[in-house]
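**Q** Quick one, structure for this:
(4 chains)
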Protein chains: 4
Amino acid sequence: MSARKSVAVVGASGYTGRELVRLLARHPGIELRAVMGGRAGQQPDPPELPFDDVVEPLDLARLAGVDGVFLCTPHGASAELARQVLALGPRVVDLSADFRLRDPAAYAATYGHPHPCPELLAEAVYGLTEHARARLAGARLVANPGCYPTSILLPLVPLLRAGLIDRDAPIVADAKSGTSGAGKAPTARTHFGAVHENFLAYAVGTHRHAPEIRQEAGFDRITFVPHLLPVFRGILTTIYLQPAPGVGADEVRACLREAYAGERFVRVYPRGLPELSRVQRTNFCDLAVAGAGAHVVVVSAIDNLVKGASGQALQNMNVVLGLPEDAGLAP
Amino acid sequence: MSARKSVAVVGASGYTGRELVRLLARHPGIELRAVMGGRAGQQPDPPELPFDDVVEPLDLARLAGVDGVFLCTPHGASAELARQVLALGPRVVDLSADFRLRDPAAYAATYGHPHPCPELLAEAVYGLTEHARARLAGARLVANPGCYPTSILLPLVPLLRAGLIDRDAPIVADAKSGTSGAGKAPTARTHFGAVHENFLAYAVGTHRHAPEIRQEAGFDRITFVPHLLPVFRGILTTIYLQPAPGVGADEVRACLREAYAGERFVRVYPRGLPELSRVQRTNFCDLAVAGAGAHVVVVSAIDNLVKGASGQALQNMNVVLGLPEDAGLAP
Amino acid sequence: MSARKSVAVVGASGYTGRELVRLLARHPGIELRAVMGGRAGQQPDPPELPFDDVVEPLDLARLAGVDGVFLCTPHGASAELARQVLALGPRVVDLSADFRLRDPAAYAATYGHPHPCPELLAEAVYGLTEHARARLAGARLVANPGCYPTSILLPLVPLLRAGLIDRDAPIVADAKSGTSGAGKAPTARTHFGAVHENFLAYAVGTHRHAPEIRQEAGFDRITFVPHLLPVFRGILTTIYLQPAPGVGADEVRACLREAYAGERFVRVYPRGLPELSRVQRTNFCDLAVAGAGAHVVVVSAIDNLVKGASGQALQNMNVVLGLPEDAGLAP
Amino acid sequence: MSARKSVAVVGASGYTGRELVRLLARHPGIELRAVMGGRAGQQPDPPELPFDDVVEPLDLARLAGVDGVFLCTPHGASAELARQVLALGPRVVDLSADFRLRDPAAYAATYGHPHPCPELLAEAVYGLTEHARARLAGARLVANPGCYPTSILLPLVPLLRAGLIDRDAPIVADAKSGTSGAGKAPTARTHFGAVHENFLAYAVGTHRHAPEIRQEAGFDRITFVPHLLPVFRGILTTIYLQPAPGVGADEVRACLREAYAGERFVRVYPRGLPELSRVQRTNFCDLAVAGAGAHVVVVSAIDNLVKGASGQALQNMNVVLGLPEDAGLAP
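**A** This next block holds a predicted model:
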């Protein structure tokens, strides 16, 4: 049995940091050694009540002794922190977008500033766990996938590899996310009065996750449109693909069932359709397939804060540190 | 100025009937003469409080004197009621699905029983008002469009007519509806605990509105998938189309702006995107166009109870009775 | 019939200003001459879309010609604006708290700064319309009641006057409000993630509406605790009072029914209980009475943005300008 | 260390049964041996998907070998099942109301039918765990407290015992509950369209939990009014009490802090106020105290499905079976 490991969470005041702390509290093989804010010199708010989690100021020196560090800091800030933490020894799982795009030019075009640490890009492993285990095993730096990409790549990657999709036809990924994906900072867009009893599409043709999706799918003709749901947790994506000749919904479903046959966290439905309530607060990605007109439709559901962020980050850290992959992730 | 007209609402205890009563209360040119339940012999519930609307038992004889009757009764029941009411004299706007499909065989296949009054199908006018005025003027019987079809046909009809869409490529209509579309009767599916903080796709490839959409679009390759939102009012549909050669988002937008230039209830956005809150409790259909990858994306938003049901029904009745088309429909 | 009047709304970018603009659009006897922001020199945001309402910069000179001005500006700012507008001629209905407390010392203690225009306090009429008509008729300046006070005073004022309440026992007013009462500015408290699927009490013993309630009730022993509901519109207050000897729920209900017998906007239930959905988007205050143990319980429901703010403001302006009191306020 | 115990859940298709199954899945010391429906001969629905929990038909014989049985069956049905199960050997924790009222006449008056097993009433232990440990230790039958009573009794019991409350003045308990308290069966009252963006009081002066509250408080003058919140989980109760002479909020808070000083699941706030989000999915009861006018206000928050039902039931079962009281109940 593997020995107990130690980790720290940096940038713990946001939703993904808080979620990681919640998951780690139940982890049998990891000790949570430090919970820190994201910026040096920034004194985090004291806990509101005595039994609240304490977020300490960022103190890199204290990270030297831990086995792994989760960075829940914003893109732009994470890259530099990753470099500093790696120099101290710990492995890093970065939940920001900083190491997801392999091409620094694509990063600059997407995020509006040069990549802060291009020299680390080559060794960063894109942590879509089910498809990255071999590289994760010895990795020092993991780029944790974006929430939308996770919900789209888990179904598309096996289908594209198996050649079941007509590559001459574009794929539609119509994704709907709860508001936690927009973060904890109050904005006009996430004000209760702007979300409740409302629904909208946004960033049509311009969302920052589109290059990440295309890179990891290895397929450019994916049209991705995100929408904002009046729920807190969850992403449900409806994917419309045109199958290769002779392929129908049954073949697509069979391919996914085979691809994920031994997987703990990807459930391919034999019938029925996923809904957010089936995956909320779990690390599951639920997939279902149905034919509709000229398309095969794949419906994919995850909890954006778990499989779409902190749960997958923990799954990746487990692999990196040699722990059982599902430790701390029971539903 | 046109003389004051009189109408009745039959099947007034559901959401669409109630909405019609609400709209008619403000109508300057229509007197609401009777508000009846949908089944003969069925004694409707007494009003809960003295100031509640009274829904009276169905009494066909009393409908003889009115100019128009709204049928808010379920499909299957509406057709026979329509025949009886027409025999008494009034014009009929039927909010059910009974007269939407021109082919009785398609009706039987879709609704699971033979059409109750096939002899009336030929004269029924499909009341997508903006595209049906010429036929509505003298009509005796109007088939009020379904909620999902309204949100999809208003953008697609002008684009297909103008030849801006590549007819060799399938169109995706990913539609999201509030729960009022599922009606007022309590079901496991519409229980608060099953809807709140949840979201799901349903009826993939099998929804009854699909044949109606294809018939009125005059185009078969439309893949329509409905979803259930945790909101009460509104449908937002995201439509993915592949444009004809040389056509882009700008041409698509220009086509819609021209098609609806003089229209009171269809608003084509020069920029930005619709959201449900902009159309709730109005008769507007809001449309926006953006390019995304290989697709041109059209986002369409309506209030399913207003433009998707009772508002459009009133708009149709206004045309049928020679009243100003927007009477009683100010936002 | 009264001639058409003209008004302006100042501070129109918040929820109450927007609600007033919505109500005035339907008013048959008032022309809305100007819709302005709340601060001089502040250039309001341009309308997002061509069909959005335009909020113009504050321009006091343009207010000289109108009959009435609604101030939807924050407390502290309203008082000085009221003085300037009154000097130009128009009557003023101020929706802020600036003229609600008659005693400038109470104002300073409650709002944390000296009253900006104490010389106007004496002539300001507290506009709980149903109880203020005589003074409203010739008024130049109306202090529009707070939302919580409206929901509490409409039931309590007649009961205290009639001596039906045991004045030796304290009254409990447990009030629950939708988030629109907290305004349109994004805050941590009104972030979707902090409100949705949540509920809380706040400002126990310290809310600024408590002195206003006590002043207008003429009774000090009222314990008022507000709560934040995960809804957008509405206040429901549950009032627990101990009746005077020989008085029970029936006498309390009869007193309220008599007090509001001729009233258009106060509905006293013969049976059943109010709920928010019955009053949302209306100017109604719904009241019901039931006995429970040692208490008589009065449940009161209003839409905080209508009867609790803009609707009552319009009702007051109608009286001030000699228009029919319910003009523009039909449900 | 105690040996591993075995239990069964009967009536597992409702919300409380489902919640128990969820909690037991994490329990280190209990094996869940059977998950059954509530009625003999009733074939429960098959699981929708292969990975769903299976609810088996009721089979009393199979319960003979387990250490404890949770009854999540409706009042009226539970009592007879309890008798049969007890005869087979296992201890019983009954989540229904059948054994909460000690007086069978009070039961008949409250529930509208004679008590099915009055002979068991004497030995049933009312399981407000923190105040029932001594009797729970050897108990065969536990009456699990109602959700509202739990939220009210945990604060009131120590205060009444300590004499800090003026017994000549009535207490107000204004309680607000999420819809899961109303159960899983679809009704007009719990339809999404009737709950969402709505709020209401109900059962004023007539709720079935009132006699239970008075019995266990040992104090009759408690006025309890329940309300229905548009949330799924949680009860927040605002309690207004008049303190005994010389007592204020500080003394009340100190009394509660002392009473619950060593308790794992009752948290008395030194400052601030509880909200539902702090207790949802936990077994905590959070309490805060503040002065307001003539009253001391105590705010109490629980998750109605956990501390108000299944969590407390498991806490009770742990005590009954000699397991650590908090086993399986970590937040």
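
**Q** what does the stretch 101-250 of chain A put close to chain B?
**A** With C-beta under 8 Å from any C-beta of the partner chain as the criterion, the stretch 101-250 of chain A comes near chain B at residues A:169-170, A:172, A:174, A:176, A:194, A:197-202, A:204-205, A:210, A:220-225, A:227, A:229-234, A:236, A:238, A:240, A:242. C-betas here are computed from N, CA, C, even on glycine.

**Q** Select only the buried ones of those residues in ChimeraX?
**A** Selection command for ChimeraX covering only the buried members of those, criterion 16 or more other C-beta atoms under 10 Å in any protein chain shown:
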select /A:169,170,172,174,176,194,197,198,199,200,201,202,204,205,210,221,222,223,224,225,227,229,230,231,232,233,234,236,238,240,242
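
**Q** mind listing which of the residues of the stretch 101-250 of chain A next to chain B are in strands?
**A** Judged by DSSP state E, these include A:172, A:174, A:176, A:200-201, A:222-225, A:227, A:236, A:238, A:240 as members of strands.

**Q** Tell me the confidence at A:Met1?
**A** Looking at A:Met1, its pLDDT stands at 45.

**Q** Helix, strand or coil: sort out A:Ala79 for me.
**A** The three-state assignment at A:Ala79 reads helix, by DSSP: H, G, I helix; E, B strand; the rest coil.

**Q** my bad, should have said A:Arg189
**A** Per three-state DSSP, A:Arg189 ends up helix.

**Q** ok, it - how many residues close by?
**A** 14 (other C-beta atoms under 10 Å in any protein chain shown).

**Q** So it sits against A:Ala182, correct?
**A** Yes - using C-beta atoms under 8 Å, A:Arg189 is in contact with A:Ala182, at 6.6 Å.

**Q** residues shared between the contacts of these two?
**A** With contacts defined as C-beta atoms under 8 Å, 6 or more residues apart in numbering or on different chains, the residues shared by A:Arg189 and A:Ala182 are A:Leu228.

**Q** For A:Glu275, which residues count as its bridge partners?
**A** Beta-bridge partners for A:Glu275, by DSSP bridges, are B:Leu200.

**Q** residue ranges with poor pLDDT in chain A?
**A** Within chain A, the segments meeting pLDDT under 70 span A:1-2.

**Q** Quick one: the helices in it, in order.
**A** Using DSSP state H, the helices of chain A run over residues A:15-24, A:78-88, A:104-111, A:133-136, A:147-161, A:192-195, A:209-217, A:249-259, A:276-279, A:311-321.

**Q** Any idea which of those helices gets closest to D:Leu128?
**A** Within those, the stretch nearest D:Leu128 is helix A:15-24; the backing value is 28.4 Å (C-beta to C-beta).

**Q** In CSV, list the C-alpha atoms belonging to the closest one.
**A** Taking C-alpha atoms only, helix A:15-24 is exported to CSV below (Å, rounded to 0.1, in the frame of the first residue of the first chain):
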residue,chain,number,x,y,z
TYR,A,15,-15.0,27.8,-5.9
THR,A,16,-12.5,25.3,-7.2
GLY,A,17,-10.1,25.7,-4.2
ARG,A,18,-13.0,25.3,-1.8
GLU,A,19,-14.2,22.2,-3.6
LEU,A,20,-10.7,20.7,-3.4
VAL,A,21,-10.6,21.3,0.3
ARG,A,22,-14.0,19.6,0.6
LEU,A,23,-12.8,16.5,-1.4
LEU,A,24,-9.4,16.3,0.4
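
**Q** helices or strands up against that helix?
**A** Applying 3 or more C-beta pairs under 8 Å, 6 or more residues apart in numbering or on different chains; DSSP states H and E, we find helix A:15-24 packed against strand A:5-10, strand A:30-36, helix A:311-321.

**Q** How far does stretch A:213-230 stretch from one end to the other?
**A** End-to-end distance for stretch A:213-230: 24 Å, by C-alpha to C-alpha, to the nearest Å.

**Q** can that stretch be found next to chain C?
**A** Yes - Stretch A:213-230 reaches chain C (C-beta under 8 Å from any C-beta) through A:Pro230.

**Q** Around chain C, pick out the residues from the stretch 51-200 of chain A.
**A** Contacts of the stretch 51-200 of chain A with chain C, taken as C-beta under 8 Å from any C-beta, map to A:179-180, A:184, A:186-188, A:190-197.

**Q** repeat that for 6 Å
**A** A:179, A:186-188, A:190-193, A:195-196 (C-beta under 6 Å from any C-beta of the partner chain).

**Q** Can you flag the buried ones in the residues you listed?
**A** With neighbours counted using 16+ other C-beta under 10 Å, these contain these buried positions: A:179, A:186, A:190-193, A:195-196.

**Q** Return the residue spatially closest to A:Leu154, with its sequence-adjacent residues excluded.
**A** Of all residues not flanking A:Leu154 in the chain, A:Cys285 sits nearest, at 4.8 Å (C-beta to C-beta, 6 or more residues apart in numbering or on different chains).

**Q** Please tell me I have it right and the one you found contacts A:Ile302.
**A** Yes - contact criterion C-beta atoms under 6 Å: A:Cys285 and A:Ile302 qualify, at 4.8 Å.

**Q** quick one, which of those two is more surrounded?
**A** A:Ile302 (34 against 29).

**Q** how near is the more buried one to C:Asn198?
**A** To C:Asn198, A:Ile302 is 23 Å away according to C-beta to C-beta, to the nearest Å.

**Q** now swap in A:Pro211 and tell me
**A** A:Pro211 sits 36 Å away from C:Asn198, going by C-beta to C-beta.

**Q** Enumerate the residues of chain A near chain D.
**A** Counting by C-beta under 6 Å from any C-beta, chain A comes close to chain D at A:49, A:272.

**Q** again, 10 Å this time
**A** Proximity of chain A to chain D (C-beta under 10 Å from any C-beta of the partner chain) is limited to residues A:22, A:25-26, A:48-52, A:196-197, A:230, A:232, A:267, A:269-272, A:274, A:277-278, A:281, A:284, A:286, A:288, A:330-331.

**Q** Just the buried subset of the residues you listed, please.
**A** Neighbour-count burial (16+ other C-beta under 10 Å) applied to these gives A:196-197, A:230, A:232, A:267, A:269, A:274, A:277-278, A:281, A:284, A:286, A:288.

**Q** between those residues, which is closest to D:Thr129?
**A** Comparing those against D:Thr129 with C-beta to C-beta places A:Arg281 closest, at 25.6 Å.

**Q** so what's that closest one up against?
**A** A:Arg281 makes contacts with A:19, A:22-23, A:233-234, A:303, A:305-306, A:311, A:331, D:281, as judged by C-beta atoms under 10 Å, 6 or more residues apart in numbering or on different chains.

**Q** count of neighbours near A:Gly218?
**A** Using other C-beta under 10 Å, the number of residues around A:Gly218 comes to 10.

**Q** To clarify, my last question referred to A:Asp250.
**A** Using other C-beta under 10 Å, A:Asp250 has 11 other residues around it.

**Q** quick one: it and A:Ala139, what's the gap?
**A** Noted for A:Asp250: a distance of 37 Å to A:Ala139, by C-beta to C-beta.

**Q** how about the residue lying closest to A:Pro50 once chain neighbours are set aside, phi and psi?
**A** Distance criterion C-beta to C-beta, 6+ apart; nearest residue to A:Pro50, sequence neighbours excluded, is D:Pro270 at 6.6 Å. D:Pro270 adopts backbone torsions of phi -70, psi -30, taken as degrees, to the nearest 10.

**Q** Might you report the residue contacts of D:Pro270?
**A** By C-beta under 10 Å, 6+ apart, D:Pro270 lies in contact with A:49-50, D:253, D:257, D:288-289.

**Q** Select, from these, the two members most distant in space.
**A** Top of the distance list for those (C-beta to C-beta): A:Pro50 and D:Val289, 15.4 Å.

**Q** ok, the ones in strands among the residues of the stretch 101-250 of chain A next to chain B vs chain C, which is closest?
**A** Using C-beta to the nearest C-beta, A:Leu200 is the member of these that lies nearest chain C, at 12.7 Å.

**Q** That closest one and B:Ile239, how far apart?
**A** According to C-beta to C-beta, A:Leu200 and B:Ile239 sit 15 Å apart.

**Q** Next: A:Asp94.
**A** If you measure A:Asp94 against B:Ile239 using C-beta to C-beta, the figure is 37 Å.

**Q** Appreciated, that's everything.
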